[in-house]
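> Return atomic coordinates for the entry below.
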Amino acid sequence: MESKGEWLLIDIVCKKNANSTYFNMDGLDSWDELDYHIVLKRRPTLYIVNLLFPSFCLITVDLFSFLLPPQNMDRSAFKMTLILGYTVFLLLMNDLLPVTGNTIPLINVFFSLCLALMVASLLETIMVTNILCSSKDYPPLPNWVKVLFLNYLARLVCLGKKNSEQISDPQTENTNGVTLGSPENEINPIRCQENDSKSALHPEEQELKELKTIHKDLLTIRQQVDRHFSRDQTAEEWIHLGEVIDRFLFALYLIFLILSFFTILIFWLYWYNVDTKA
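Numbers count the residues shown, from 1 in each chain. Okay, the predicted model is just below:
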């Protein structure tokens with residue numbers, strides 16, 4: 001026991017209790033009662049190397065997984081793989097966990113806390129991914145949500161609103177001073193005017209008129225294509241809301257992780273000092 005195993009022999013105390021002499025039924029033989037007090041201590045190296053260090057590495061990887069983009073499914077799949085690996089790790093290392101009767105060892109509380117944090121981070125990723133991927137199907141945000149989340153909470157987490165690409169309105173003038181409308185209102189009058197004036201123009205003037213007409217048609221087509229592929233304002237607000245919630249929950253996750261680890265460390269130091277004095 002002094003050189004092998006998970007226990008370290010600290011001390012053995014033997015003492016004889018007073019008035020502990022016993023006799024047999026005939027009163028001829030006598031014997032004494034001796035009490036042995038054995039003081040043992042667990043070797044911490046085994047638990048630190050095989051249990052605590054791998055758990056700390058896995059929870060650190062889970063923390064940095066928040067840097068992955070939530071729009072893709074890679075973050076949720078990565079977190080699910082991480083939880084599965086940590087569960088298998090706990091099952092394989094279950095024989096090394098200490099058993100102390102009715103009381104729960106502090107190291108078991110640490111493992112349960114790590115698993116709970118990983119599950120909470122996965123639930124947060126699922127919620128944010130749902131908001132970002134289904135933003136086009138949601139109704140417009142209420143005003144109180146815009147004020148609370150997109151204004152105050154966004155400033156709190158240092159996530160300002162993105163400057164989306166400004167797309168010109170169909171009724172506004174373009175850079176050449178040409179008013180763009182719908183294709184039906186824009187192209188048909190040009191075609192009619194072109195047919196009416198084609199006979200009265202010279203060949204060069206007709207070519208110039210054709211080029212101007214093609215230019216206006218291309219601008220109108222580009223307008224419609226940009227409007228088709230541009231994201232709706234409501235969808236952008238929902239996407240921005242999901243990014244703000246993701247950043248805010250990440251900050252809460254980090255704060256709770258630090259406070260929990262410090263609390264476990266304080267309890268461990270307190271119980272260690274109490275056991276040392278005893």
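> Who are the contact partners of the spatially closest residue to Leu68 that is not a sequence neighbour?
Of all residues not flanking Leu68 in the chain, Arg75 sits nearest, at 4.1 Å (Cβ to Cβ, 6 or more residues apart in numbering). No exception for glycine: its C-beta is placed from N, CA and C like everyone else's. Counting by Cβ atoms under 8 Å, 6 or more residues apart in numbering, Arg75 touches Ser65, Phe66, Leu68, Pro69, Thr125, Thr129.
> lowest confidence element among the helices and strands of the chain?
In the chain, no helix or strand scores lower on mean pLDDT, DSSP states H and E than helix 183-197, which sits at a mean of 49.
> any idea which helix or strand comes after that one?
Counting by DSSP states H and E, the next helix or strand C-terminal to helix 183-197 is helix 203-229.
> Mind listing what's buried along that following helix?
Residues Lys209, Lys216, Leu219, Thr220, Gln223 are the ones in helix 203-229 that count as buried (16 or more other Cβ atoms under 10 Å).
> Any chance you could list what contacts stretch 79-94?
By Cβ under 8 Å, 6+ apart, the list of residues contacting stretch 79-94 from outside reads 50-51, 54-55, 58, 61-62, 65, 111, 114-115, 118-119, 121-122, 125.
> Kindly recompute the last result at 6 Å.
Residues outside stretch 79-94 that contact it (Cβ atoms under 6 Å, 6 or more residues apart in numbering): Leu51, Leu58, Asp62, Met118, Leu122, Thr125.
> Name the helix or strand for the third one, please.
What that stands for is Asp62. Using DSSP H and E, Asp62 falls in helix 53-64.
> what's the angle from the following helix or strand past that helix to helix 53-64?
Next along the chain after helix 53-64, taking DSSP H and E as the criterion, comes helix 74-92. Angle between the axes of helix 74-92 and helix 53-64 is 170 degrees (criterion: axes from the mean of the first three to the mean of the last three Cα atoms, to 10 degrees).
> could you dump helix 74-92 to PDB, C-alpha only?
What follows is helix 74-92, C-alpha atoms only, in PDB (Å, rounded to 0.1, in the frame of the first residue of the first chain):
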ATOM      1  CA  ASP A  74     -21.200  22.200 -38.600                       C
ATOM      2  CA  ARG A  75     -21.400  23.700 -35.100                       C
ATOM      3  CA  SER A  76     -24.400  21.600 -33.900                       C
ATOM      4  CA  ALA A  77     -22.900  18.500 -35.400                       C
ATOM      5  CA  PHE A  78     -19.500  19.300 -33.800                       C
ATOM      6  CA  LYS A  79     -21.200  19.800 -30.400                       C
ATOM      7  CA  MET A  80     -23.200  16.600 -30.700                       C
ATOM      8  CA  THR A  81     -20.000  14.700 -31.500                       C
ATOM      9  CA  LEU A  82     -18.200  16.300 -28.600                       C
ATOM     10  CA  ILE A  83     -21.000  15.300 -26.200                       C
ATOM     11  CA  LEU A  84     -21.000  11.700 -27.500                       C
ATOM     12  CA  GLY A  85     -17.200  11.500 -27.100                       C
ATOM     13  CA  TYR A  86     -17.400  12.900 -23.500                       C
ATOM     14  CA  THR A  87     -20.100  10.400 -22.600                       C
ATOM     15  CA  VAL A  88     -18.100   7.500 -23.900                       C
ATOM     16  CA  PHE A  89     -15.100   8.900 -22.000                       C
ATOM     17  CA  LEU A  90     -17.100   8.900 -18.700                       C
ATOM     18  CA  LEU A  91     -18.300   5.300 -19.300                       C
ATOM     19  CA  LEU A  92     -14.800   4.100 -19.900                       C
END
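> Pull out the buried residues from the helix or strand that that helix is followed by.
Per DSSP H and E, the first helix or strand lying C-terminal to helix 74-92 is helix 106-133. For helix 106-133, burial by neighbour count (16+ other Cβ under 10 Å) applies to 107, 110-111, 113-115, 117-118, 121-122, 124-125, 128-129, 131-132.
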